[in-house]
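Asker: kindly return the folded structure for what I paste below:
(one chain, ligands or ions: 1)
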Amino acid sequence: MKLIDLSVPISPSIREPLPAKIEYASHEDGANQAAAILGLNNSDFPESKAWATETVTLNTHAGTHIDAPWHYWPTSEGKPSRTIDELPLEWFFSDGVVLDFSSKPPGYEITTDDLIAELDRIGYTLKPLDIVLIRSDADKRLYHEHYAYLHAGVSADATVWLLDQGIKVVGTDGWGWDIPLNLQAESFKKEPREGVLWAAHYVGKDREYCQIEKLANLDRIPTPFGFKVSCFPVKVEKASAGWARPVAIVED
Ligand SMILES: N[C@@H](CC(=O)c1ccccc1NC=O)C(=O)O
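Answerer: Sure thing, here's the model as predicted:
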């Protein structure tokens, strides 16, 4: 069995609007802290060393994470949208499928026809609860200053089509599921109209689903299907997303 890490690190080096902040406390800092809490001297600990810890300030959408329906809109399918802590675990451990759009340029909008053509090419028919992973190789540009703008996105129609196949969890190795936000804004400013800004995300108003953003290493999964994906989100109370460490599980 082979396990493939599909996550990016939580790192301040990734250029995001709200990047991660990590304050590292050394073993010496830990001895000082423990001494203060316990009424001891730091020198009471061996070599004045105790716990190393980190304090992380992190938006729920920074790093590899899973969006909950609440992220998209206050309601979904006519009910209050579910938050990340309310979703069934069964959605996050299932058969995986990689659809390869790495030959498409950054900013390309993937259509329903593109999805159907790629499924045809790999010879696979989607079934309910498959986890569909969109590969654009944007993770290879993870430390680029414009990383957030350098992926192929999925159109609203194509998103609806995936959900029509019974899919509940989709994923992308790009910064976002939609085409890059700068292209959405440009198009809207040229001709203000509905269906341009965050179009695919808003599909979640009518159809309950989750999307994994900022995946990595989809190119390392040896087969387009015939593997499992484990991607349990961290249970952040009442939150619009939870971080995850998705893994592809490939049997020998
Ligand atoms: N990728 C998400 C948004 C996102 O990641 C985000 C949204 C608001 C504030 C911070 C975010 N991520 C990290 O800074 C999107 O495409 O909408």
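Asker: burial count for the residue in the chain that the ligand sits nearest to?
Answerer: When you check the chain against the ligand by CB to the nearest ligand atom, the closest residue turns out to be residue 176, at 2.3 Å. (Each C-beta comes from the backbone N, C-alpha and C, glycine too.) Here the count is done by other CB atoms under 10 Å, and residue 176 has 23 residues near it.
Asker: what's the pLDDT at it?
Answerer: Residue 176 is assigned a pLDDT of 98 by the prediction.
Asker: quick check: chain neighbours aside, which residue is closest to residue 116?
Answerer: Excluding the flanking residues, the one nearest residue 116 by CB to CB, 6 or more residues apart in numbering is residue 161, at 8.0 Å.
Asker: that neighbour and residue 112 touch, don't they?
Answerer: Yes: in this structure, residue 161 is within contact of residue 112 by CB atoms under 8 Å, at 4.4 Å.
Asker: still on that earlier bit, what about the residue nearest to residue 116, how many neighbours?
Answerer: A count of nearby residues for residue 161, using other CB under 10 Å, gives 18.
Asker: tell me the centre residue of this protein?
Answerer: For the chain, the residue sitting closest to the mean C-alpha position, by CA atoms, centre = their mean, is residue 213 at 2.3 Å.
Asker: related to what we said a few turns ago, for the residue of the chain closest to the ligand, which non-adjacent residue is closest in space?
Answerer: residue 213 (5.9 Å).
Asker: buried sites along the host helix or strand of residue 115?
Answerer: Following DSSP states H and E, the helix or strand that holds residue 115 is helix 112-122. For helix 112-122, the neighbour count (16 or more other CB atoms under 10 Å) marks 112, 114-115, 118-119 as buried.
Asker: what does the next helix or strand after that helix contact?
Answerer: The helix or strand immediately downstream of helix 112-122 is strand 131-135, counting by DSSP H and E. In this structure, residues lying in contact with strand 131-135 by CB atoms under 8 Å, 6 or more residues apart in numbering are 6, 92, 94-102, 110, 126, 152, 154, 162, 167, 169-174, 212, 215, 218-219, 221, 229, 231.
Asker: switch the cut-off to 6 Å
Answerer: Surrounding strand 131-135, the residues in contact under the criterion CB atoms under 6 Å, 6 or more residues apart in numbering are 94, 96-100, 102, 162, 167, 169-173, 218, 229.
Asker: let me know the angle separating that strand from helix 112-122.
Answerer: With axes from the mean of the first three to the mean of the last three CA atoms, to 10 degrees defining the directions, strand 131-135 sits at 100 degrees from helix 112-122.
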